[in-house]
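Chemist: heads up, no residue letters with this:
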């Protein structure tokens, strides 16, 4: 599989355009790096919850308190 095949496959799977997939930078893992995996992974859900935490209490939370 080459880069263009990967971009098209991701595009079909996600519904995004091929150009958008290309902008996001999906890449095939290179054989030289495949065996040096450190076991460290990013928990994207936790990262997003920290990044997008509200500074103010939501109206629905306020209503539940009364």
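Modeler: It's in. In this text, all values refer to a predicted model and were calculated from it rather than measured experimentally.
Chemist: any idea how many residues pack against the nearest residue to residue 26 once chain neighbours are set aside?
Modeler: Residue nearest to residue 26 in three dimensions, not counting chain neighbours: residue 10, with 5.3 Å by C-beta to C-beta, 6 or more residues apart in numbering. Heads up, the C-betas are built off the backbone N, CA and C, glycines and all. Taking other C-beta atoms under 10 Å as the neighbour definition, residue 10 ends up with a count of 16.
Chemist: ok, now residue 26?
Modeler: Around residue 26 sit 14 other residues, with neighbours defined as other C-beta under 10 Å.
Chemist: now swap in residue 29 and tell me
Modeler: For residue 29, the count of nearby residues is 8 (other C-beta under 10 Å).
Chemist: with residue 27 instead?
Modeler: Other residues lying near residue 27 total 8 when counted by other C-beta under 10 Å.
Chemist: ok, so what distance separates it from residue 50?
Modeler: Using C-beta to C-beta, to the nearest Å, one gets 26 Å for the distance from residue 27 to residue 50.
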